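sharing a model prediction with you, sequence too.
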Amino acid sequence: MKKIFTIVALSLPLFTHFPAFADASKELKIKLTDINTLKANFNQTVTDINDKVIQTGEGVFALSHPNQFYWHLTAPDESLIVADGTDVWIYNPFAEEVSVMDINQAINASPIALLVHSDDATWAQYNVVNDGECFEISPKDKDSGVSEVEVCFNQHKLTKMVLKDQQGNISDFTLTNQSSIAENDKQLFKFIVPDDVDIDDQRLNSPN
């Protein structure tokens, strides 16, 4: 079940309809850029294709432009994802292992990275549809592990993210207690590799 949370956290995308592709994508990008920095608590509920709840969780979510992201699942099991602007670190304390990849690799593999990325070529890989205060996002690559994602706002606040995977599982994330990143919160985006953990270095420029 821990895999579900890791996949979900790495797979939150963005969306568009043919006549409104450019407009919806542009509007969503502006909303995300206006947020600039964000720290919030999240509650997550995962349901299967039959609407049965298969897992719940909670944690802390933070982002900062450009390319900085923090996702800390604190319950029921701990996992951590940190994008420091250059690399993305995925830490599993239970397995005592860390995976690391280049930020561009993560962006290509994980639409969640769009939340802190503004490159037009990357955004062009997704369709974006505007539905009121929500935006539905789908990858143009049908082989992606994610089939649909929805992000919702209350004016300038990002309040909700919903992800549907290819198996029909739906992960619903609700954000609360939001604030801008304070000076002492900037350390969230710096990952220090713990002692005695295995490192899976997937960076393209890695000698490994």
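That came through fine. Everything numeric here is computed off the predicted structure, so don't read it as measured data.

wait, is residue 73 part of a helix?
No: counting by DSSP: H, G, I helix; E, B strand; the rest coil, residue 73 is not found in a helix; it is strand.

mind checking how far it is from residue 85?
Per CB to CB, to the nearest Å, residue 73 is found 22 Å from residue 85. In short, each C-beta sits where N, CA and C put it, glycine included.

for residue 54, same thing?
34 Å.

could you do residue 94 as well?
Applying CB to CB to residue 94 and residue 85 gives a distance of 27 Å.

then residue 198?
Computed with CB to CB, the distance linking residue 198 and residue 85 is 24 Å.

ok, those two, which is more surrounded?
Comparing residue 198 with residue 85 by other CB atoms under 10 Å, the one with more neighbours is residue 85, at 15 against 10.

name the residues of stretch 81-94 that are buried.
81-84, 87-92 (16 or more other CB atoms under 10 Å).

what do you get for stretch 95-109?
98-107, 109.

what secondary structure does residue 105 sit in?
State at residue 105, reduced to three classes by three-state DSSP: helix.

mind putting the buried residues of stretch 95-109 into CSV with pLDDT and distance to residue 156?
What follows is the buried residues of stretch 95-109, written out as CSV (pLDDT from 0 to 100; distance: CB to CB, whole Å):
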residue, pLDDT, distance to residue 156
98, 94, 35
99, 92, 34
100, 93, 33
101, 89, 31
102, 86, 31
103, 80, 26
104, 74, 28
105, 73, 31
106, 71, 26
107, 65, 24
109, 54, 29
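
what strands flank the helix or strand in which residue 81 is found, and is each parallel or antiparallel?
For residue 81, the element it lies in under DSSP states H and E is strand 79-84. If you go by DSSP bridges, strand 79-84 pairs up with strand 68-75 (antiparallel), strand 87-92 (antiparallel).
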